[in-house]
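Q: mind folding the following:
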Amino acid sequence: MIKTKKLIPIPKLLKKAERVFNAYIRQRDSGLQCISCTNEGNQAGHYFPVRYSGVRFNETNVNLQDAYCNCYAYGNQAMYRIGLVKKYGEQAVKELEEEAVRTQYKKWTRTELDLIIQKYKL
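A: Model prediction:
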């Protein structure tokens, strides 16, 4: 009898990919200020929330934020966009906005999530 590898359920794989990706963002931006204000950042904050699933793992969409802006100021959206334009340029932000609308209901596959985990694993 051949044993088969038990597959991790997609929701658990999605959580693992999010954990690995967010850790990568926090390391990538370590030493930088919150993208929305001048405070020290310690969280991976999304410009478009994760319900816009197609940009959930987009490096432009996720940047260092402090807990206040990320959790209590609902992402501090207006200042976040200004920070994005400063960091990436207006054209990149417009492309991100178009991609967010176009891919809002993306369903991630097991293969895609495995690739994200491998790419961003520290």
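Q: give the rounded mean pLDDT of stretch 8-15.
A: The average of the pLDDT scores along stretch 8-15 is 94.
Q: pull the CA atoms of it into CSV?
A: The C-alpha trace of stretch 8-15 is given here as CSV (Å, rounded to 0.1, in the frame of the first residue of the first chain):
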residue,chain,number,x,y,z
ILE,A,8,-3.3,20.9,3.9
PRO,A,9,-6.8,22.5,3.5
ILE,A,10,-6.8,25.7,1.4
PRO,A,11,-7.9,27.9,4.3
LYS,A,12,-5.0,26.8,6.4
LEU,A,13,-2.6,27.2,3.5
LEU,A,14,-4.0,30.7,2.9
LYS,A,15,-3.3,31.6,6.6
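Q: now do the buried residues in that stretch.
A: Going by neighbour count (16 or more other Cβ atoms under 10 Å), the buried part of stretch 8-15 is 13-14. Where C-beta positions appear, they are placed from N, C-alpha and C, glycine not excepted.
Q: go on, stretch 19-26?
A: Of all the residues in stretch 19-26, those buried under the rule 16+ other Cβ under 10 Å are 20-22, 24-26.
Q: just stretch 54-63 next, same as before
A: 54-58, 60-63.
Q: mind checking how far that stretch is from the chain centre?
A: Average the C-alpha atoms of stretch 54-63, do the same for its chain, and the two points are 4 Å apart (Cα atoms, centre = their mean, to the nearest Å).
Q: which helices and strands does the longest helix seen in the chain pack with?
A: Among the segments of the chain that qualify as a helix by DSSP state H, the longest is helix 10-28. Contact partners of helix 10-28 among helices and strands, from 3 or more Cβ pairs under 8 Å, 6 or more residues apart in numbering; DSSP states H and E: strand 43-46, strand 62-65, helix 110-120.
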